[in-house]
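Enquirer: Predicted model follows, preceded by the sequence.
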Amino acid sequence: MRDEYIRAALLVVDDPNVLINVVSRRVKQLKRGNRALVESLEKLSAEDTALREIIERKISFELATPAEIAAGRN
C-alpha cells in the first residue's frame, strides 16, 4: 500500500482501526470480482484501489450505534 494513499485516507476516516476494516472489506469485494469505482492509468493493487475509493469518497461506512451493538450481544 502506498503511504500517501494511507495518509490521505486517514483524512477521510480518522480512526486507523476503522480504516483497516473498511479497506479489508472492500479488498475482499474487489478480489471476488466487484468492479472498481475509480479509474487509474496504472495497475493498482486491490488495497490501493480501496484506499483511492475512500479518498475520492466513492465508498463510505457507517458505525454501529451502542444500541445496535448491545442488541447483537444478546
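Expert: That came through, no problem.

Enquirer: Stretch 9-23: which residues count as buried?
Expert: For stretch 9-23, burial by neighbour count (16 or more other CB atoms under 10 Å) applies to 9, 12-13, 19, 22-23. (Each C-beta comes from the backbone N, C-alpha and C, glycine too.)

Enquirer: Filter those residues down to just the ones in helices.
Expert: Per DSSP state H, helices hold the following members of these: 9, 12, 19, 22-23.

Enquirer: Can you give me the pLDDT of the residue lying closest to Pro16 once chain neighbours are set aside?
Expert: In space, and not counting its chain neighbours, Pro16 is closest to Leu10: 6.7 Å by CB to CB, 6 or more residues apart in numbering. What the model reports for Leu10 is a pLDDT of 97.

Enquirer: still on that earlier bit, of all the buried residues of stretch 9-23, which comes closest to Phe61?
Expert: Nearest to Phe61 among the buried residues of stretch 9-23, counting by CB to CB, is Val22 at 5.0 Å.

Enquirer: Could you pull up the residues touching that closest one?
Expert: 13, 50, 54, 59, 61 (CB atoms under 8 Å, 6 or more residues apart in numbering).
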